[in-house]
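Have a look; sequence and predicted model below, questions after that.
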Amino acid sequence: MNCEQFQDIVGEYADGTLTLPARARSAEHLMTCAACRRLLADVRATMAACRRAALVEPPDDLVSRILRATPAGSMMSCAVFDELILDYFEGYIPAGDYHVFEEHFQACPRCQRLLTSIRLARQLCHEARAVPVPEDLQRRIMRATVGIERIPAHRKWRAIVRRWWRERRAKIARTIGLIVTPEGVTAVLLSLATVGFLLVEVSDDMTLRGIYRQARLKIERVVAHSRSGALEERVIVSELRGMASRLNGVLQLGANLLVGSADRSRQPSSGALSGPEKKRGRSPRHRDAELQTRRGSPASRRAPQ
Amino acid sequence: MGAKVALSNEDAQLVRQCLAGDEAAWEEIVKQYSRRIYSLAYRFVGTHEAAEDLTQEVFLRIYRTLDQYDPQAGSLSNWLMRVARNLIIDDWRKRGRTPTEASDTLEAHAYHLKSRTESPQRLVERRELSEQIQAAIDKLSPELRTCIILRDLEELSYQEIVDLLKIPEGTVKSRINRGRIELAKILRRMKVI
């Protein structure tokens, strides 16, 4: 090893970080070279001087200057501030902590935004406390407690109609569903025909009241006859028979219409029938029933064709 | 191991107190570390005024990032000094690695020391040595100066310097070596050694 090589590693030699062979070669060189020994001594003295002078005496007011520049509120972390928010709104923060809390608030835009948002949210919640009350709540409470309802008449009727409609809505819908079928329509028409017949034949002024009046008169006549025996029984009986036969005719017509519409409504739904049955059209039992109807009852024979 | 855990708990407790706004806890940290950080800053910037400003800046940074300290990752001392070193070296790089603005001459240092003869003898001697070392360090090139400060004043290991400066270990060793030789020559001329 020569002086130049030793100068390259003198620092590491002084640190004691050289490998053992390199250290041995350096030691060997140092034994023969006074200049490198002086260099090593100087390096070691420099290192020692540096260590001795490592710490510099700071100015006396450094600590107080730093403390002035770092107020405790600014030092408070946002997480701790968040924890104190609840106490802040409840008014529970002790005076000392409140001072720090306020300082942090002044220094931290993030916490300013947060606290302002929370304050606004609380205000909105406060305003939103008035929830709309159901109309009939008061009435229901009164009924459930003292059993008295003090409500205006129009509201009362409206509530009654509504309740009636609510309770019967489903039933009415079902009824309408039943009526709006061929059978239902026919039955309604039949009823209307009956009422129409009674209006034409019985009523004297084409009103339902007239039907009632005439029926009552006839009954009174029958009753009077039965009491006095003065009136012609035959006249009343023939009148009644004529009316009955005409009504029977109307009903027979309606019945025929009803049977016809029922057959028509059944016809498309007979898809499950087999081929031969389709060709035959109606089943034997059905035909027998129809024949019986045509030959029919005495009423049908009496009916005018 | 147990002592280490206890120390770590102590650090964690101190930091927790600081984060809760406890001024006494923060003052304790400032008093404990201000001298070390100030010394490091002074070695880099070379004047007391600039070192004072830089130290204050370092502490501002520390208390703003104190919630990032993780006791599991190491002691508070290591964490604080790492933050301080990074900030001081960054500041020094931003200044374009210019030597100290004042770059006081030896004579100025000598005059400065003479004006403080009223202090106790030991303190004076240490201050004298400190100023002389600073004057010598200021004469080094920026690269050598950084490595010498970190190795011989801060007593960091080679690896820590590698991590801090992000340069190869060989370069670090070489700079330390050259820096020491240079510094020894300067100190000898100054009759310090």
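Noted; the coordinates are in hand.

Where is the longest helix in chain B?
helix B:23-45 (DSSP state H).

Spatially central residue in chain B, please.
For chain B, B:L40 is the residue whose C-alpha lies nearest the centre (C-alpha atoms, centre = their mean; 1.4 Å).

how far away is that one from B:Q56?
Per C-beta to C-beta, to the nearest Å, B:L40 is found 14 Å from B:Q56. C-betas here are computed from N, CA, C, even on glycine.

what does A:P109 give?
22 Å.

Neighbour count: these two, which is higher?
Using other C-beta atoms under 10 Å in any protein chain shown, the more surrounded residue of A:P109 and B:Q56 is B:Q56, with 20 against 8.

any idea which helix or strand carries the more buried one?
helix B:48-64 (DSSP states H and E).

re earlier: for the longest helix of chain B, buried residues please.
B:23, B:25-27, B:29-30, B:33-45 (16 or more other C-beta atoms under 10 Å in any protein chain shown).

For the residue sitting furthest away from the middle of chain A, what are phi and psi?
Most distant residue from the mean C-alpha position of chain A: A:T32, 98.7 Å away (C-alpha atoms, centre = their mean). Here is the backbone geometry of A:T32 (degrees, to the nearest 10): phi -110, psi -10.

looking at chain B, which helix or strand is least sure?
Least confident helix or strand, chain B: helix B:106-114 with a mean of 39, by mean pLDDT, DSSP states H and E.

Chain B: strands as residue ranges?
With DSSP state E as the criterion, chain B has no strands.

mind listing what residue 17 touches?
Went with chain A since none was named. B:Y158 (C-beta atoms under 8 Å, 6 or more residues apart in numbering or on different chains).

ah, I was thinking of chain B
B:24-25.

One more: B:R126?
Each residue near B:R126 by C-beta under 8 Å, 6+ apart is listed here: A:52-53, A:57.

possible to save those as JSON lines with secondary structure and distance to chain B?
Below are these laid out as JSON lines (DSSP: H, G, I helix; E, B strand; the rest coil; distance: C-beta to the nearest C-beta, whole Å):
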{"residue": "A:R52", "secondary structure": "helix", "distance to chain B": "6"}
{"residue": "A:A53", "secondary structure": "coil", "distance to chain B": "4"}
{"residue": "A:E57", "secondary structure": "coil", "distance to chain B": "6"}
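
Filter those down to the buried ones, PyMOL style.
Typed into PyMOL, the line below selects the buried ones among those, using 16+ other C-beta under 10 Å:
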select buried, chain A and resi 53+57
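
so which of the contacts of B:R126 comes closest to B:S174?
Looking at those and their distance to B:S174, the nearest is A:A53, at 24.1 Å (C-beta to C-beta).

List phi and psi for that closest one.
phi -100, psi 20.

isn't it right up against B:S130?
Yes. Counting by C-beta atoms under 8 Å, B:S130 is a contact partner of A:A53 at 4.1 Å.

what residues are up against the residue lying closest to B:R95 once chain neighbours are set aside?
Computed as C-beta to C-beta, 6 or more residues apart in numbering or on different chains, the closest residue to B:R95 that is not its neighbour in sequence is B:V45, at 8.0 Å. Residues in contact with B:V45 (C-beta under 8 Å, 6+ apart) are B:51, B:54, B:91-92, B:95, B:100.
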